[in-house]
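# Task: produce atomic coordinates for the following.
(chains A and B)
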Amino acid sequence: MTRLRVVSPAPPREEIEAAALSIRGLRKSFRSRLVLDDVDLDVRPGELVAILGANGSGKSTALRCVVGLVEPDDGSILLAGREVVGLRGDGLTASRREAAMIFQHINLVKRLTALDNVCCGGLARVPTSRSLLRMTFPDHLRQEAMRCLDRVGLADRAAERVTRLSGGQQQLIAIARALCQRASVILADEPVSALDPAAAGRVMRVLRMLAGEEGLAVAAVLHQPELAKRYADRVVGLVAGRLAFDLPPDEVDPDLLDALYAPDEQG
Amino acid sequence: MSAGTPTAREVVAPPPRLRLWSRPFLLGIPVAVALIVVHVLAWNATEISGTALVQGWHGMVDFVGQAVPPDLRWNEVVEPALRATEVTLYMGLLGTTLSIPPALLLAVLGARTTTPNVVVYQLARTLLSFLRAVPEVVFALVFVTAVGLGPFPGVLALLVHNVGVMGKLWSESIEEIDRGPVEALEVAGARRSQLVANAVVPAVAPQFVGLLLYRFDVNVRSSLVLGLVGAGGIGFLINQSISLFRFDEMLTQILIVLVLVIAVDNLSAFVRRRIA
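Below you'll find the predicted structure:
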């Protein structure tokens, strides 16, 4: 059995500088299980990178390392040129603003309106005294939140409680919240896994637009190779915590995908 | 017999046989024996005696005989009782509402998911346990010696004990909420106070209000007992009636209390149903 391992050569130095997110040699194990094994990944501004891989291949863990929800064992993560591995406390809080995260479970605050949820993305910029009660949120924050809602096409639902919106609309609100954070990098952890195909397409188109029009660096963990090939600029495959390929979408062929989702063949 | 019936088909694997002497069953025997032993010990220690109850029945009949009919004189009995009941209600109300800020603070500090660090968590938990462990009556005695007789020490006693109970209940509902939204705001760079105000509090608000109403209900009933140690309200009048052997007055007062308790109970149940 041939083991597929097609890795593009490491990009030259100036490309690393240009990347909004640059991961080098990332390693993480939980107990004795190695989840990430020497992973390199660059996401440049204006680019949508899809990350594919079977369950447990380390995709989500890689994203969670970037935002500091998981602490890597080794490696380097540069966010907008600054090292974030090893940051704690205020340094971590400050670095987190650079990368926004979108979750499979959407994770909106259920009892709040769409607008208030989007405002929450910008809390880091608001003094504590103005941010403990929703009615004291500054006007500029509300206006910015409205613009973010407008970007995802849901400005007309601003005053509604998010629980009254459909799953796809809720995920778009979560994207608007990420926009309101003014991050340069958007990490999406299975953003469409809980959505029907139409809603999934709508969410992917918005992510595609944010990369193309706003120049954001978008990395999305996906479980649907078709969506990856259709919307991504590059497709990255992870197998058992190792990078298996990093290719433009039209070079991702069925053999590569089969190897990605083949049952564990421990070698 | 047709070949299509399930019995005619060959079974893939027989279902596991039920075993009587399985491990859970064998473990159950010592547990059952231990429970019986504890109940026998408890029966003896609390001096439960059927004969004493039977022999003392005429005592109870006397008591009831003196209490019935209730003394319903308006100026002397009913009106003062209504006034005192009003005070009791206010004691329960203030004891509950004034305990909200300290209870909220201790609940946030004493919930694993929102506490800043382990030391603060342990301190908050210890304080909550202490306030919960000391009964209202004990606090009432302490405050009566400090500020004198009347409803004020009663309010203080209810307040302090309620901080312990409500803080504990609230911290548990904080720990039970979905971590996702909190994590999302954390990743967005929100500070701890902002997380609590914008993700935790909205998520727990319905439970918080429900528990608050439940505690109001309990506190109104507790404030009756506090009257017995001199902390004002209708409890104080009941205590007086008993010491003066005016059981007919006592019955009137108890009937008024009954109406109050049922009203508060229904109100709190109604509101809790509406917000659920």
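# quick one: low-confidence ranges for chain A?
Scanning chain A for pLDDT under 70 picks out the ranges A:1-17, A:263-267.
# Enumerate the residues of it near chain B.
Residues of chain A that fall close to chain B, judged by CB under 8 Å from any CB of the partner chain: A:67-69, A:93-94, A:96-97, A:99-101, A:103, A:105-112, A:116, A:120-124, A:126, A:128, A:131-134, A:174, A:177-178, A:181. For the C-beta atoms, the positions are set from N, CA and C on the backbone; glycine is no exception.
# now those residues: which count as buried?
Taking 16 or more other CB atoms under 10 Å in any protein chain shown as the criterion, what is buried in the residues of chain A next to chain B is A:67-69, A:93, A:96-97, A:99-101, A:103, A:105-112, A:116, A:120-124, A:126, A:131, A:134, A:174, A:177-178, A:181.
# ok, now which ones touch the nearest residue to A:L123 once chain neighbours are set aside?
Using CB to CB, 6 or more residues apart in numbering or on different chains and skipping the chain neighbours, the partner closest in space to A:L123 is B:A190 (4.1 Å). Contacts were defined as CB atoms under 8 Å, 6 or more residues apart in numbering or on different chains; by that measure B:A190 touches A:C120, A:L123, A:A124, B:N198, B:A199.
# mind checking how far the fourth one is from chain A?
Using CB to the nearest CB, to the nearest Å, one obtains 5 Å as the distance from B:N198 to chain A.
# shouldn't that residue be in contact with A:A124?
No. Judged on CB atoms under 8 Å, B:N198 makes no contact with A:A124 at a distance of 11.9 Å.
# Tell me the backbone dihedrals of A:L238, please.
phi -110, psi 130 (degrees, to the nearest 10).
# any idea how far the residue nearest to it when sequence neighbours are not counted lies from A:D42?
Closest residue to A:L238 apart from its sequence neighbours, by CB to CB, 6+ apart: A:G53 at 3.7 Å. As judged by CB to CB, to the nearest Å, A:G53 and A:D42 stand 17 Å apart.
# Which positions in chain B make contact with chain A?
Residues of chain B found near chain A (CB under 8 Å from any CB) are B:178, B:180-181, B:183-191, B:193-194, B:197-199, B:202-203, B:205.
# those helices in the stretch 51-200 of chain A, which residues are they?
Here the stretch 51-200 of chain A has its helices, by DSSP state H, counting those that start in this stretch, at A:59-66, A:89-96, A:114-120, A:139-151, A:167-180, A:197-214.
# contacts for the second one?
With CB under 8 Å, 6+ apart as the test, helix A:89-96 has contacts from A:V67, A:G68, A:L79, A:R82, A:V84, A:L87, A:A124, B:E186, B:V187, B:A188, B:G189, B:R191.
# if we can go back for a sec, for the helices of the stretch 51-200 of chain A, which one ends up most surrounded?
Mean neighbours per residue, mean count of other CB atoms under 10 Å in any protein chain shown, is largest over the helices of the stretch 51-200 of chain A for helix A:114-120, with a mean of 28.
# Show me what it is packed up against.
If you count contacts as 3 or more CB pairs under 8 Å, 6 or more residues apart in numbering or on different chains; DSSP states H and E, helix A:114-120 packs onto helix A:139-151, helix A:167-180.
# With respect to B:M91, which of the ones you listed lies nearest?
helix A:139-151 (43.0 Å; CB to CB).
# C-alpha coordinates for that closest one, CSV please?
Backbone C-alpha positions of helix A:139-151 (Å, rounded to 0.1, in the frame of the first residue of the first chain) are rendered in CSV as follows:
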residue,chain,number,x,y,z
ASP,A,139,-23.6,54.0,19.5
HIS,A,140,-20.5,53.5,17.3
LEU,A,141,-20.5,49.8,18.3
ARG,A,142,-24.1,49.4,17.4
GLN,A,143,-23.6,51.1,14.1
GLU,A,144,-20.6,49.0,13.3
ALA,A,145,-22.6,45.9,14.2
MET,A,146,-25.4,47.0,11.8
ARG,A,147,-22.8,47.3,9.0
CYS,A,148,-21.5,43.8,9.8
LEU,A,149,-25.1,42.4,9.8
ASP,A,150,-25.6,44.1,6.4
ARG,A,151,-22.4,42.5,5.1
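# now the angle from that helix to helix A:167-180?
On the basis of axes from the mean of the first three to the mean of the last three CA atoms, to 10 degrees, helix A:139-151 is oriented at 130 degrees to helix A:167-180.
# before we move on, back to that, the residue nearest to A:L123: helix or strand, and which one exactly?
Following DSSP states H and E, there is no helix or strand that holds B:A190.
# quick one on the thing from earlier: with chain B as the reference, measure out to the residue nearest to A:L238.
Taking CB to the nearest CB, one finds A:G53 at 22 Å from chain B.
# Tell me how many other residues surround B:L228.
16 (other CB atoms under 10 Å in any protein chain shown).
# same question but for A:M135, I mixed them up
The tally of other residues near A:M135 (other CB under 10 Å) stands at 5.
# what about it, distance to A:L115?
According to CB to CB, A:M135 and A:L115 sit 12 Å apart.
# Okay, now the unreliable bits of the stretch 1-150 of chain B?
Within the stretch 1-150 of chain B, the ranges that satisfy pLDDT under 70 run B:1-11, B:20.
# Quick check, central residue of chain B?
For chain B, the residue nearest the mean C-alpha position is B:V218 (5.7 Å; CA atoms, centre = their mean).
# What helices and strands are in contact with the strand or helix carrying it?
According to DSSP H and E, B:V218 maps onto helix B:201-228. Secondary-structure packing of helix B:201-228 (3+ CB pairs under 8 Å, 6+ apart): helix B:79-97, helix B:136-147, helix B:151-176, helix B:234-243, helix B:247-275.
# Tell me, how many residues neighbour the closest residue in space to A:L257 that isn't next to it in sequence?
Nearest non-adjacent residue to A:L257, counting by CB to CB, 6+ apart: A:P225, 5.2 Å away. Using other CB under 10 Å, A:P225 has 19 neighbouring residues.
# residue contacts, A:P225?
So A:P225 contacts A:L52, A:V235, A:V252, A:L257 (CB under 8 Å, 6+ apart).
# Most widely separated two among the residues you listed?
Spanning the widest gap among those are A:V235 and A:L257, at 9.5 Å by CB to CB.
# More neighbours: those two, which one.
A:V235 (24 against 17).
# got the buried residues for stretch A:25-45?
The neighbour-count check on stretch A:25-45 (16+ other CB under 10 Å) flags A:26-28, A:35-37, A:39-45 as buried.
# hmm, I was thinking of stretch A:188-196
A:A188, A:D189, A:E190, A:P191, A:V192, A:A194, A:L195.
# May I have the distance across that stretch, first residue to last?
Length of stretch A:188-196, first residue to last, CA to CA, to the nearest Å: 17 Å.
# quick one, strands of chain A?
A:21-30, A:33-43, A:48-53, A:74-79, A:82-83, A:99-102, A:185-189, A:217-221, A:234-239, A:242-247 (DSSP state E).
# nearest to B:R273, of these?
strand A:99-102 (36.5 Å).
# how far does the closest one sit from the chain's center?
5 Å (CA atoms, centre = their mean, to the nearest Å).
# Report the strands that pair with that strand, each with its relative direction.
strand A:185-189 (parallel) (DSSP bridges).
# hang on, the earlier thing: what would the strands of chain A look like in CSV with distance to A:K59?
Shown next, in CSV, are the strands of chain A (distance: least, CB to CB, whole Å):
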stretch, distance to A:K59
strand A:21-30, 12
strand A:33-43, 9
strand A:48-53, 5
strand A:74-79, 15
strand A:82-83, 22
strand A:99-102, 13
strand A:185-189, 8
strand A:217-221, 4
strand A:234-239, 6
strand A:242-247, 11
